[in-house]
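Q: What shape does this take:
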Amino acid sequence: MKRVTIKDIADEMGLSRNTVTKALNGALVSKQTRQAVVQKAWQMGYTKLDESLLEEVKSNSHWANTGTILVLFNNMQSTFWTRILAGVRNAVNDEGYRMLFHVVDENDKDGEQTIKLISNDVKGILFLSIFSVKFVKMIGRTKLPITFFNSPVNDREYIKLGDIVNVEGFYAMNALTQYLITQKGCEKFAYIGFAEGSYMIQARYFGFLNACNQNQIELDDRLQYTRPANNSSFSYAMVEKAINSMPYLPQAVLCEDDDVAQHVSLAVLQRDDKAVKKMIITGFNNTLEPDFFKNDILTIDVRIEELGRRLVKSLVDKIKCPTMDISSVTIASYPRFS
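A: Sure thing, here's the model as predicted:
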């Protein structure tokens with residue numbers, strides 16, 4: 001996620017960059033403007049904010065410091081994550097909190113480095129990525145309210161610690177597969193998605209399997225890829241290896257999301273540039289750019305920015321009412337077949 005700039009703050013507040021710069025530099029602006037700009041800069045996570053100015057504004061106003069929400073993430077990058085983070089940031093700002101975004105070092109497997117970030121100002125923690133149970137348990141020692149986006153297939157340790165928010169996948173993928181079978185005449189399918197590690201991806205895979213079973217479609221095990229080599233995500237190199245190892249190219253390849261669908265398209269193009277034109281490829285999340293060379297990829301739409309807001313709402317509700325029962329929530333998705 002890119003760093004917050006003067007322009008970002010100005011755009012958010014509808015002010016000129018000059019006014020925001022003056023407010024943050026202690027120059028001559030009204031007291032009300034300086035207070036508003038400094039508070040907004042703090043909420044948005046502006047890293048160059050002068051601490052003495054921040055304390056001055058706090059002491060001379062009725063500004064209530066609601067605290068910080070810590071957002072934990074790994075190194076995955078895509079349009080989906082950019083958009084969900086925008087929804088999270090906007091919701092955090094609207095609630096009056098500050099967002100502290102932290103990309104967890106891959107070597108911090110037990111959470112000892114991350115837990116050092118959790119100061120008294122942190123009021124709740126949002127996990128945007130799946131982390132090991134060992135890591136999650138370490139962070140859970142803080143006893144702070146926690147919300148998880150997605151969870152491992154075995155989520156018992158997660159549900160003990162906080163709310164879990166998932167995107168509906170079983171019925172959406174079932175409907176998409178039914179469409180491919182009944183409307184497109186597909187009988188030969190491949191699947192590429194981390195169904196063995198992610199609860200959300202597993203639901204999509206089960207929806208696919210259910211539709212095949214209902215239509216008595218016998219799947220070729222050689223075309224099913226449900227665990228990436230790194231037990232994390234399907235990179236382009238892994239997808240390319242999978243496509244090249246297939247004994248034949250199927251009529252349709254169903255993918256866990258649009259990123260993998262894009263990888264599949266490029267890998268099939270390299271293997272057989274004629275086959276990619278007639279092959280049906282599906283994704284999930286509706287994030288592919290319209291100028292991508294294969295513009296007929298079928299997908300499932302997700303209101304991504306609103307999903308980000310729902311994650312924050314779940315966490316803030318728990319911050320405000322710590323005695324609320326832990327919950328698991330499924331957010332709607334919307335199949336797009338044309």
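Q: Sheet-wise, list the partners of the helix or strand hosting Ile125 with their directions.
A: Following DSSP states H and E, one finds Ile125 within strand 122-127. If you go by DSSP bridges, strand 122-127 pairs up with strand 68-73 (parallel), strand 146-149 (parallel).
Q: helix or strand right after that strand?
A: helix 133-140.
Q: contact partners of that next one?
A: Applying Cβ atoms under 8 Å, 6 or more residues apart in numbering, the contact partners of helix 133-140 are 72, 104, 108-112, 114-115, 118, 125, 127, 146, 152, 157-158, 160-162. All C-beta spots, glycine's among them, are computed from the backbone N, C-alpha and C.
Q: quick one: which of the residues you listed sit in helices?
A: Glu112, Thr114, Ile115, Glu157, Tyr158, Lys160, Leu161 (DSSP state H).
Q: Could you count how many residues lie near the fourth one?
A: Under the neighbour criterion other Cβ atoms under 10 Å, Glu157 is assigned a count of 15.
Q: same check, this time on the fifth one
A: The burial count assigned to Tyr158 is 25, neighbours taken as other Cβ under 10 Å.
Q: How confident was the prediction at it?
A: Per-residue confidence (pLDDT) for Tyr158: 90.
Q: Then the one 3 residues further on?
A: Leu161 is assigned a pLDDT of 93 by the prediction.
Q: what separates Cys321 from Lys123, distance-wise?
A: To Lys123, Cys321 is 13 Å away according to Cβ to Cβ, to the nearest Å.
Q: Quick one: end-to-end length of stretch 114-125, please.
A: 11 Å (Cα to Cα, to the nearest Å).
Q: Which residues does that stretch contact?
A: 65-72, 97-98, 100, 102, 104, 108, 135, 138-139, 141-142, 144-147, 162, 315-316, 318-319.
Q: I'd like the average pLDDT over that stretch.
A: 91.
Q: now stretch 175-193
A: 97.
Q: again with stretch 86-106
A: Per-residue scores along stretch 86-106 average to 88.
Q: Great, nothing more from me.
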